[in-house]
Each structure stands twice: as C-alpha cells, then as structure tokens.
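Engineer: dropping a prediction and its sequence here:
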Amino acid sequence: MQSEASASILIVEDDPDHRRLLTDILRGAGYRVISCESVSAALPLAQAQFFDLALLDLRVGDEDGLRVAEAVRRFSPYSALVILTGLPDLPSAVKSIDLQVRKYLVKPARPEELKRLVAEQIEFMHEQRLRDRMAAGMQAAIQTLNEGDGYAESAATLSRGPLRMDLGRHQATYHGRELDLTTTEFYLLWTLAKAENRPVSARELAQAALEYDLGPSEAAALIKTHISRLRGKLEPDPRRPRHLITIRRQGYLWRA
C-alpha cells in the first residue's frame, strides 16, 4: 500500500550481492530502503525508528537475525516481518511464530515474488493498525455513551444523503446497498463524509484516515489511487462522480 508511496524497509543480509539485489529491486519499486550487512549494524536502527517492513536473514554471519526481529517488534507491533532463508530449523520457526513473523522467503528471491510479498505484508499490517484504531474509537464511543453523553451515537455512526456508516460494525451502505470496503477505504470515506462539503487535502486525508505523514506529491499519488477505487465501488458512474468530488488544488470532498 504505501509505496505505495514511501514505505520504509530494513534489510539485514550478509551476502553483499544478494543484499544489493534486494535493495535495488525494492528501491526500484518505490520503497525507502536501508540495508545492513550485520545484526550489530541493524540493531541501533531497529531500536530507534519505525519500519513498515523488515526483511531479515535468519543467520547473518555468526549472528542471529531474529535479534533484529525482536527489536523491530518491541518498537512497534505494526511492522511486518519477513524472514529470508533456505529451510528454517524448528527452534527458529517457533521463535518466529512468537514474534508474529508471517512469511518466509526462500533465497534467492525472485523479483516479482519479492515485490508482491512485500506489498501484501505492508498492506496487511497497515490494515491491522487501522482495525485496532477503529476498535479503540468504538470503545471510546461506548464509554461516552455509558457516561450518559448522547454524543456517543454520532461518534459511532453518520448519515450523509444516501450514505450510512457505522464505525463499530465497520459497515457502510449506499442507498441501502452494503459497500465492500477495505479498512483503508472505510476510514478514507469516513473522514470525507464527516467533513461534509468541506474539501480535505490529500495530506490531511493521508494523516487523518491512514496515519501517514507524507509530502504533498506522495500524498496526492496515494490518495488518488484510493479515491479511484472508492468511486468504482460507490459511484453510479465513476467517470462522472456525484459524491466523491475532486476540488482542484484543494483535495476532495463528499457531496451528498
């Protein structure tokens, strides 16, 4: 999803040729890549900053690559972890499960397989982060309701013309027809609908709906893709949108 404009990737691989190949492939796909030849070089980075994905060799020289996975996971539960390996041994496999490593990639990685797997894993973890954020928002709304404040209902649901949205159920309907939206699409539509008739810039949408802090051009490219998908699912004629309107030099708005 994000290189989708600017996802960050940490590569830990001691083979210089394979490290260079992985770096070139992923940079060519638009990702921001930092590559390290050793665990000792990677650990300070993994302990100090968020990476959307870490691509790690199980054995890096005489060092255990899973030490980097542990550091990445401690920094954030929303970093994707992919292990580069031949055949993992049982202890490593068990430890990988504990660290929520979801994929192994057998070396040498084929370029198309690598790009597909990386994109899938980054999107999966991003969707998970949005799902958790949605659950936390719903919990806050329920707590407000329990305290007797009528605002809770409006915080969890909204109606905008033919559009109905329910935050708790992660459900959106258009003229009574349920929309099949990803978590990302749901949050994007929710943000636009709440701002009803006010243009929202691509940077605002990336920050509020997707939790990305992007530059103007990166945000514009990312949001344009999602708006196009939303129009395809919601608009009667996506080429002549009635509701998801582009406002030149300002962004997008929802018009009921």
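Structural biologist: That came through, no problem.
Engineer: just the strands in the stretch 1-150 of the chain please.
Structural biologist: Applying DSSP state E, counting those that start in this stretch to the stretch 1-150 of the chain gives strands spanning 8-12, 32-36, 53-57, 59-60, 63-64, 80-85, 103-106.
Engineer: would you map the helices across the stretch 101-250 of the chain?
Structural biologist: Ranges of helices in the stretch 101-250 of the chain, per DSSP state H, counting those that start in this stretch, are 111-146, 151-156, 183-194, 202-210, 216-234.
Engineer: select from these the stretch with the lowest mean pLDDT.
Structural biologist: For those, mean pLDDT drops lowest on helix 151-156, to a mean of 53.
Engineer: rewinding a little: nearest to residue 45, of the helices of the stretch 101-250 of the chain?
Structural biologist: Nearest to residue 45 among the helices of the stretch 101-250 of the chain is helix 111-146; the distance by C-beta to C-beta comes to 17.7 Å. For every residue, glycine as well, the C-beta is placed using N, CA and C.
Engineer: just the CA coordinates of stretch 178-188, formatted as CSV?
Structural biologist: Extracted as CSV, the C-alpha positions of stretch 178-188 are listed here (Å, rounded to 0.1, in the frame of the first residue of the first chain):
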residue,chain,number,x,y,z
GLU,A,178,-23.7,-2.6,1.6
LEU,A,179,-20.4,-1.5,0.2
ASP,A,180,-17.5,-4.0,0.2
LEU,A,181,-14.7,-1.7,1.6
THR,A,182,-11.3,-2.4,2.9
THR,A,183,-10.4,-0.9,6.3
THR,A,184,-8.4,1.8,4.5
GLU,A,185,-11.3,2.6,2.1
PHE,A,186,-13.7,2.7,5.0
TYR,A,187,-11.6,5.2,7.0
LEU,A,188,-11.0,7.4,4.0
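Engineer: report the distance from that stretch to the chain centre.
Structural biologist: From the chain centre to the centre of stretch 178-188 is a distance of 13 Å (C-alpha atoms, centre = their mean, to the nearest Å).
Engineer: show me which residues of that stretch are buried.
Structural biologist: Of the residues in stretch 178-188, 179, 181, 182, 183, 184, 185, 186, 187, 188 count as buried by neighbour count, 16 or more other C-beta atoms under 10 Å.
Engineer: quick revisit: and the strands of the stretch 1-150 of the chain, which is most packed in?
Structural biologist: strand 53-57 (a mean of 27; mean count of other C-beta atoms under 10 Å).
Engineer: partner strands of that strand, with direction?
Structural biologist: Sheet pairing of strand 53-57 (DSSP bridges) gives strand 8-12 (parallel), strand 80-85 (parallel).
Engineer: for residue 191, see how far away residue 165 is.
Structural biologist: 11 Å (C-beta to C-beta, to the nearest Å).
Engineer: redo the strands paired with strand 53-57 as TSV? Include distance to residue 251 and mean pLDDT.
Structural biologist: Formatted as TSV, these follow (distance: least, C-beta to C-beta, whole Å; pLDDT from 0 to 100):
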stretch	distance to residue 251	mean pLDDT
strand 8-12	25	94
strand 80-85	29	84
